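Chemist: coords please:
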Amino acid sequence: MIVGILQLDMHLPARRSLKEKRQALRRIKDRVTAAFRLPMVEVDHQDVWQRTMLGCAAVSGEDGDVHSLLEKVVQFVDGMGVGTVLRHDVEILRR
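Modeler: Model (predicted):
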């Protein structure tokens, strides 16, 4: 079993309140879930208006499949125009 963990560190420049940030995050999470059938959650920077760290995980039998899928998620989120991906980390765990 191969587990891939993705962390996305993002800047959300147009957000002026936590309410606006939550709306942007809901849009990102809903679209990622619909496109890739993967849940996504905010894992850091919850009290900062223009910054977030999102986490996502995928499981497969092949590590190439997991890594490829998570890289597609990064490209998808970056292409949404909601914010800028500052950095992303993908960790692969083999069991």
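
Chemist: Next, count neighbours for residue 47.
Modeler: Neighbour count for residue 47, taken as other C-beta atoms under 10 Å: 7. Every residue, glycine included, has its C-beta placed from N, CA and C.

Chemist: And it, how far from residue 77?
Modeler: Using C-beta to C-beta, to the nearest Å, residue 47 is found at 21 Å from residue 77.

Chemist: now swap in residue 19 and tell me
Modeler: 21 Å.

Chemist: what do you get for residue 56?
Modeler: Distance from residue 56 to residue 77, by C-beta to C-beta: 9 Å.

Chemist: hang on, isn't residue 74 packed against residue 88?
Modeler: Yes - if you go by C-beta atoms under 8 Å, residue 74 and residue 88 touch, sitting 4.9 Å apart.

Chemist: any common contacting residues for the two?
Modeler: 6, 8 (C-beta atoms under 8 Å, 6 or more residues apart in numbering).

Chemist: Residue 89 pairs with what?
Modeler: Residues in a beta bridge with residue 89, per DSSP bridges, are residue 7.

Chemist: ok, it - how many residues close by?
Modeler: For residue 89, the count of nearby residues is 11 (other C-beta under 10 Å).

Chemist: What does the pLDDT read for it?
Modeler: For residue 89, the model assigns a pLDDT of 97.

Chemist: Kindly report the same for residue 33.
Modeler: At residue 33, pLDDT is 96.

Chemist: So it: helix, strand or coil?
Modeler: helix (DSSP: H, G, I helix; E, B strand; the rest coil).

Chemist: That one and residue 40 touch, don't they?
Modeler: Yes - assessed by C-beta under 8 Å, residue 33 is found in contact with residue 40 at 6.8 Å.

Chemist: With neighbour numbers in mind, choose between the two.
Modeler: Just comparing residue 33 and residue 40: by other C-beta under 10 Å the higher neighbour count belongs to residue 40, 21 against 13.

Chemist: I'd like to know the phi and psi angles of that one, please.
Modeler: Phi and psi for residue 40, reported as degrees, to the nearest 10, are phi -140, psi 140.

Chemist: That one contacts residue 29, correct?
Modeler: Yes - counting by C-beta under 8 Å, residue 40 does reach residue 29; the two are 4.6 Å apart.
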